Every structure is written in structure tokens, then in C-alpha cells.
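J.: Any chance you can model this:
(chains A and B)
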Amino acid sequence: GQQLNQSPQSMFIQEGEDVSMNCTSSSIFNTWLWYKQDPGEGPVLLIALYKAGELTSNGRLTAQFGITRKDSFLNISASIPSDVGIYFCAGAGGTSYGKLTFGQGTILTVHP
Amino acid sequence: GAGVSQSPRYKVAKRGQDVALRCDPISGHVSLFWYQQALGQGPEFLTYFQNEAQLDKSGLPSDRFFAERPEGSVSTLKIQRTQQEDSAVYLCASSLVGPLYGYTFGSGTRLTVV
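T.: Take a look at the predicted model:
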């Protein structure tokens, strides 16, 4: 099935560093969402973006909805060990109102 | 309950067996969703209910997959004649109002077909 192009696939960083990941699509979405998934658990919503150009923060996390509505990025500042996990972008909207289309995920490893 | 509850957490099925996966959404949540997550991939949409009505089943991969939510609360995803490619984590999510707000996932059922 269709998935968003998410990059990078994985990142290995030192504690305290900033992290940036992004997501692109060939289709327009009305909503962009960012999730974090820990092993053996379901994804947990971090940030939701509803308007093109919107920039939203949640603590150390900042995400933006691209003005073309085909891309989004997520930044994590001053990373800590508990930021370890898999981060997914997801797009929603268009013809199928209930459906989220997910990226392939970015695996984040933080070294203390 | 406090969150979305899925059972069983793990299921091993022999190829050809039928399986039924259960989802208990957050009480009062109108919308319910099923996703399939293969190893190393993002979740892929299977189907969406609003109350008892199945509004979108476009993601169900074949007619071996069937989902129901007869009373608008608990939902069951049934897979008939399981095949090895059905091995995945099946995630259920629920939402109070529309599908884009407060979308809460369960921990999933890991299905292994041997």
C-alpha cells in the first residue's frame, strides 16, 4: 500500500543533540500527525498539524506542516535517553476521511 | 477502561486456521480503526467503523479478512484460512469524535502464522 517517504531511516545521536526528521508525499494531506512507538506498544500521538504552514511545539518537540501540504518535519531538541523509539509521520484527509497513511518510520537511538 | 485493550497479545496459528482478534475501545469512543503493521514498517489501514457502521473497508487485503462491531463498542477482526503473509501486528485504535482527534492506539496483537 501507499506509504509516505520518511527520512532518515535511522539515527544514532548523543544525548543532548538535536534531531530532525522529515516526511514527504506525492499526495496532498489535510492533516499531518507525528507518532512515537515503543517496542511492543502501539503508536502514541506526539503532535497534530491541521493547517498548511502551521508550526506547533510540544515541549522539546516542534513540527511543521509544509505549505505545499505534501511534507512535514519533526525536530527534537536536547535529546534524552527516553526519546529512543520509532517515530512515524502520518497523513490524513482526501477521499478517505478515516484513514491514516503512515511513513516507514525513523528509528532513533540516543547514546548517554 | 483507561485505554484501548486488545486480546490476545500474541497468537500463533497454523496455516489454514481461522483467527479472531478482539478490540475493546475506550468507553464512549465513536470511531474505531484497524491497522496492520508488518515487521519494520509503518501501520497500514485496514478498516474504519463509526459506531456499528463500517464506513471504509478499502484496506482489507482479501475476502479472508472480515471485521465487525455489532453493538458499536467491541470489535472483532477475523482472518479466515490464515497464510504466512498474514503474520503481523494488528493494531486497533479509537477516537471520541472524528478520526483525527485523540486517536488512541492499543498495544496490538502479534499474529504469527506457521
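
J.: Enumerate the residues of chain B near chain A.
T.: Residues of chain B lying close to chain A by Cβ under 8 Å from any Cβ of the partner chain are B:4, B:31, B:33, B:35, B:40-45, B:48, B:50, B:55-56, B:58-59, B:91, B:93, B:98-108. Quick note: C-beta positions are derived from backbone N, CA and C, even for glycine.

J.: In strands, which of those fall?
T.: Residues of the residues of chain B next to chain A located in strands (DSSP state E): B:31, B:33, B:35, B:44-45, B:48, B:50, B:55-56, B:91, B:93, B:104-105.

J.: correct me, but residue B:68 touches residue B:75?
T.: Yes - if you go by Cβ atoms under 8 Å, residue B:68 and residue B:75 touch, sitting 6.7 Å apart.

J.: joint contacts of those two?
T.: Counting by Cβ atoms under 8 Å, 6 or more residues apart in numbering or on different chains, residue B:68 and residue B:75 have no common neighbour.

J.: neighbour-wise, which of these two wins?
T.: Each of residue B:68 and residue B:75 has its neighbours counted (other Cβ atoms under 10 Å in any protein chain shown); residue B:75 has more, 25 against 15.

J.: picking that back up, could you flag which of the residues of chain B next to chain A are buried?
T.: Among the residues of chain B next to chain A, those buried by neighbour count (16 or more other Cβ atoms under 10 Å in any protein chain shown) are B:4, B:31, B:33, B:35, B:41-45, B:48, B:50, B:56, B:59, B:91, B:93, B:99-100, B:102-108.

J.: for chain A, which spans come out with low pLDDT?
T.: Confidence mapping of chain A against pLDDT under 70 gives the ranges A:1-3, A:94-97.

J.: From residue B:39, how far out is residue B:95?
T.: 26 Å (Cβ to Cβ, to the nearest Å).

J.: So which of the two has more stuff around it?
T.: Taking neighbours as other Cβ under 10 Å, residue B:95 and residue B:39 compare with residue B:95 leading, 21 against 8.

J.: The more buried one and residue B:14: what is the separation?
T.: Taken as Cβ to Cβ, the span from residue B:95 to residue B:14 is 35 Å.
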